[in-house]
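Peer 1: Compute the structure for the input listed below.
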Amino acid sequence: MASTADAAAGWTIYRDADFALSLDEINERLVRQGRAPVSLRTYRHYGKLQRYGYERYVPINQLDVKTLRDPFIDQAHRGREHPIQTLSTVELHVLVGDDVAVFVGSAIELSSTEVVVRLEGEEMAAFFSELGAATPAGELVFLATGEIRVGTIERLTLDVEQRLSTVRIDLSTQLDVDQLVEPAVAPEELRLAIRIAVSPSPGLAEVARHLYWLTRACDASRAVASDLAHQLSPGEPVDVGIVKVRALRLGSIEIVIGLPLSAGIVLYGAFWGWLRVRQAYWNSEKTKQEALRLRWENDQDQIRGKADLGPLVRRGRDALARRLGRDGGDTGDEVDETRAVAIAQKQLLPAVAEIIEGANGEVDVSVEGDVPGEIEDDLEAARELPPPSDP
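Peer 2: Residues are numbered from 1 along each chain as shown. Predicted structure coming up:
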């Protein structure tokens with residue numbers, strides 16, 4: 001396993017090569033120096049260091065604190081979503097002085113927040129060679145559909161001799177991938193109605209806080225679904241889908257969101273799981289005799305750590321397998337749920353707990369509209385998972 005010193009040495013190699021090396025090339029040079037190879041996560045971190053203009057190496061956690069510019073779609077979390085591999089012809093428009101430079105290339109990776117584009121040609125190579133570490137805005141046109149997206153251009157690799165460049169377009173918001181390419185299986189939607197009690201005249205910060213944590217919870221549930229889809233259909237373009245607001249009103253916060261089906265099942269189960277854990281704790285004879293609020297605040301981390309989210313993730317996995325035309329009952333041997341369970345444990349459940357604990361009253365989650373019988377079974381089971389921890 002690479003140490004911080006190994007990661008710093010890898011960054012120096014990458015920086016001194018004008019940020020034009022692949023992960024394998026960096027690791028080959030590290031091994032020749034007698035160092036441990038670095039991971040894909042560290043390689044992505046190098047790209048972030050380059051984007052923000054760092055000369056020296058800064059560890060991942062330190063940089064995340066320094067660069068948390070957009071808490072709703074933080075760039076540090078974008079790498080969790082497995083991208084769709086594709087070959088879609090695009091035009092990249094970049095403003096140069098008073099003129100617009102137009103480059104034709106291929107989108108090779110798509111996710112809801114970024115697009116990776118491969119470009120060829122002498123003019124393109126000269127442009128990106130002069131660009132260096134700058135990150136200008138660019139307009140991306142998908143020629144097959146006519147869809148246009150705007151984002152920030154980040155150069156990943158450049159080979160002047162081969163006249164080849166790879167760039168990433170970081171989008172300013174989430175997008176529907178199925179508007180750009182046709183996925184192998186279209187996403188299905190589950191609508192959840194979430195009611196969060198707040199003060200009669202809530203402050204803006206109170207409302208924003210709940211929406212922030214709901215965004216994080218939805219993002220984590222999508223990350224669980226993305227990881228499972230990546231294993232269930234390796235190499236196939238499976239669009240997990242983004243979360244959409246279908247209705248929103250204030251009094252209490254009443255929001256209806258449309259989620260990817262498997263992600264919705266996991267989110268639904270996480271909400272009801274924490275509500276059941278909380279109720280079991282507060283109703284226990286042991287805690288009735290103590291300072292309930294303080295004890296509950298002190299014990300929450302330990303209680304979350306005891307919740308078994310494996311069965312809930314498997315429910316989401318089986319729903320996703322059915323959508324992909326697979327037998328959910330036969331996927332256990334080929335799907336490693338370790339990462340998905342870790343995301344649910346460390347990111348989803350804490351975000352849901354923040355919503356419930358920060359409410360000024362009760363929180364309720366229900367399903368809107370009709371769902372197939374097999375999905376009703378999934379939801380009924382998810383509502384009983386994870387089992388309450390012992391108080």
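Peer 1: Which positions within stretch 273-281 qualify as buried?
Peer 2: Across stretch 273-281, burial judged by 16 or more other Cβ atoms under 10 Å covers 273-278, 280-281. Every C-beta, even on glycine, is put in place using the N, C-alpha and C of the backbone.
Peer 1: Could you dump those into JSON lines and include distance to R246?
Peer 2: What follows is those, written out as JSON lines (distance: Cβ to Cβ, whole Å):
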{"residue": "G273", "distance to R246": "24"}
{"residue": "W274", "distance to R246": "23"}
{"residue": "L275", "distance to R246": "22"}
{"residue": "R276", "distance to R246": "26"}
{"residue": "V277", "distance to R246": "28"}
{"residue": "R278", "distance to R246": "27"}
{"residue": "A280", "distance to R246": "32"}
{"residue": "Y281", "distance to R246": "33"}
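Peer 1: farthest pair in those?
Peer 2: Using Cβ to Cβ, the pair of the buried residues of stretch 273-281 lying farthest apart is G273 and Y281, separated by 12.7 Å.
Peer 1: Can you classify Y57 as helix, strand or coil?
Peer 2: The local conformation at Y57, judged by DSSP: H, G, I helix; E, B strand; the rest coil, is coil.
Peer 1: where's it relative to S3, distance?
Peer 2: 12 Å (Cβ to Cβ, to the nearest Å).
Peer 1: which of those two has more neighbours?
Peer 2: For Y57 and S3, the more surrounded residue by other Cβ atoms under 10 Å is Y57, and the numbers stand at 20 against 11.
Peer 1: Could you pull up the contacting residues of the more buried one?
Peer 2: Listed by Cβ atoms under 8 Å, 6 or more residues apart in numbering, the contact set of Y57 reads 7-8, 11-12, 49.
Peer 1: Those in helices, which ones?
Peer 2: Of these, the ones assigned to helices by DSSP state H are 7-8, 11-12, 49.
Peer 1: follow-up on the earlier one: can you tell me which of the contacts of Y57 is closest to L143?
Peer 2: The shortest distance between L143 and any of the contacts of Y57, using Cβ to Cβ, involves L49 and amounts to 33.2 Å.
Peer 1: you'd agree the closest one is up against W11?
Peer 2: Yes: here L49 reaches W11: they are 6.5 Å apart, a contact under Cβ atoms under 8 Å.
Peer 1: Show me the helices in the protein, by range?
Peer 2: Using DSSP H, the helices of the chain run over residues 4-16, 23-32, 40-51, 60-66, 122-131, 204-232, 261-282, 285-288, 292-306, 310-323, 338-343, 349-358, 373-383.
Peer 1: list the buried ones in the first one?
Peer 2: By neighbour count with 16+ other Cβ under 10 Å, helix 4-16 contains the buried residues 6-11, 13-15.
Peer 1: Lowest-confidence one in those?
Peer 2: Within those, pLDDT reaches its minimum at R15, with 85.
Peer 1: Against L49, how distant is that one?
Peer 2: From R15 to L49 the distance is 8 Å (Cβ to Cβ).
Peer 1: Quick one: closest of the helices of the chain to S112.
Peer 2: helix 204-232 (8.1 Å).
Peer 1: Helix 349-358 and the closest one, what's the angle between them?
Peer 2: In this structure, helix 204-232 runs at an angle of 150 degrees to helix 349-358, with axes from the mean of the first three to the mean of the last three Cα atoms, to 10 degrees as the basis.
Peer 1: If I average pLDDT within each of the helices of the chain, which one is lowest?
Peer 2: Of all those, the minimum mean pLDDT falls on helix 285-288 (a mean of 54).
Peer 1: Next, count neighbours for the residue nearest to R278 when sequence neighbours are not counted.
Peer 2: Of all residues not flanking R278 in the chain, I356 sits nearest, at 6.8 Å (Cβ to Cβ, 6 or more residues apart in numbering). Residues contacting I356 under the criterion other Cβ under 10 Å number 17.
Peer 1: I356 contacts V363, correct?
Peer 2: Yes: between I356 and V363 there is a contact at 4.9 Å, judged by Cβ under 8 Å.
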